[in-house]
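1. please find the sequence and the predicted model below.
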Amino acid sequence: MRAVRLASAVVTTVVLLGAVTACSSSKGGNDAKGGNDAKGGDPIAAALTGDPKAALAASALVMQKAGNGKVSMVAPDDTKGGGTGDADWKDPGKASVDLTGDMGGKKLKIRVVGADAYLGGDEAAPALGGKHWVKLPAGNEAGDGFRAVGQMLNPVVVLTVAAQSGKLSKVGQENLGGAQTTHLRAVEDTSALVAGMSALPEDQRKAVQKTLEEDGKTLTFDFWLNGKQELVQYQEYGDTNGAKDAVTVKYSDLGKAAPIAAPAATDLGSEADLLKLLG
């Protein structure tokens, strides 16, 4: 699943979020404050019509304030088209998601709460002896991928990293889903992105770079921001596969997502049940 491969690299950028957010608040705020602010205009709105870096930093602040929302993720090589559900990113260290997607002919749920990942849902019960979830341990490939998806769906991480490390441009104004949006683009070298992850152990940086370079030495992120400076949609792709293989993530109903809680311990099947669940 290509989206999970990409997410495994994005998850590592969460270690940069504290520093990047502070930098964005400083640099983005300074960029946004100018003649328009002095004249009583909206500095964030001004950022959207001017410097892409300031626009992305401003959008990151707006999304951070929202804290959660409805989300959908689609990758072109997913058999049934990805998943939809809720995401919560209030705490960057405990990003949570609850997604429903088609897997092996079943509608299953991926739930991530902080560092804990689960697979299950109502259609899992027959395979789990009436229980609904299996907890995926650290080191489990699927579990690590799901945890990575939790970070990939954190818009604050994606926006702040792009604002600081990308070669930015404004594509233009576009109608998206009936709403007028500003389309911005960030292009960054995979090696530059990984080099900025100095807090990671060397073996993890190598693993991240290897994963990202499956899609290309250069990564492109396209962002669509609405008039409220909210991130409506982003797409990501590498130079090897190109835009035809872009992963698309869409956000809606910001601040209105349902709470995401870990399944009850009494509703957990065993790891051995995972094989039954996936057939």
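-> Perfect, I can see it now.

2. poorly predicted segments of the stretch 1-150 of the chain, please.
-> Applying pLDDT under 70 to the stretch 1-150 of the chain flags residues 1-50, 77-81, 92-93, 104, 138-145, 147-148.

3. would you map the helices across it?
-> According to DSSP state H, counting those that start in this stretch, the stretch 1-150 of the chain carries its helices in the segments 2-10, 17-32, 35-38, 43-49, 52-66, 141-152.

4. same thing with the stretch 151-279 of the chain?
-> Using DSSP H, counting those that start in this stretch, helices in the stretch 151-279 of the chain cover 155-165, 190-195, 202-213, 273-278.

5. and the closest residue to residue 150 other than its chain neighbours, what is it in contact with?
-> Of all residues beyond its chain neighbours, the one nearest residue 150 is residue 112 (3.7 Å), with distances taken as C-beta to C-beta, 6 or more residues apart in numbering. (Glycine included, C-beta is placed from N, CA and C.) Applying C-beta atoms under 8 Å, 6 or more residues apart in numbering, we find residue 112 in contact with 95-98, 118, 146-147, 149-150.

6. farthest-apart pair in those, please.
-> Across the contacts of residue 112, the longest distance by C-beta to C-beta is 14.5 Å; it joins 95 and 118.

7. those two: which is more packed in?
-> Between residue 95 and residue 118, counted using other C-beta atoms under 10 Å, the more crowded position is residue 95 (27 against 23).

8. that older thread, look up how far residue 119 lies from the residue nearest to residue 150.
-> Distance from residue 112 to residue 119, counting by C-beta to C-beta, to the nearest Å: 10 Å.

9. joint contacts of the two?
-> residue 146.

10. so for residue 230, what's the pLDDT?
-> With respect to pLDDT, residue 230 has a value of 96.

11. let's number from 14 now, not from 1
-> Understood, numbering begins at 14; the last thing we discussed is residue 243.

12. wait, it sits on residue 76?
-> Yes - at 6.7 Å, residue 243 counts as touching residue 76 under the criterion of C-beta atoms under 8 Å.

13. who has more neighbours, these two?
-> Between residue 243 and residue 76, counting by other C-beta under 10 Å, residue 76 is the more crowded of the two (25 against 20).

14. name the nearest residue to that one, sequence neighbours excluded.
-> Nearest to residue 76 is residue 168, by C-beta to C-beta, 6+ apart, at 4.4 Å.

15. and the one you found, how far from residue 279?
-> From residue 168 to residue 279 the distance is 34 Å (C-beta to C-beta).

16. more crowded one of the two?
-> residue 168 (25 against 6).

17. show me the contacts for that one.
-> Contacts of residue 168 by C-beta under 8 Å, 6+ apart are 72-73, 76, 102, 244, 247, 264.

18. repeat the analysis, applying 10 Å as the threshold.
-> 72-73, 75-77, 79, 82, 84, 100, 102, 236, 243-244, 247, 262, 264, 267 (C-beta atoms under 10 Å, 6 or more residues apart in numbering).

19. and if you look at residue 142?
-> 282-283, 286, 289 are the contacts of residue 142 under C-beta under 10 Å, 6+ apart.
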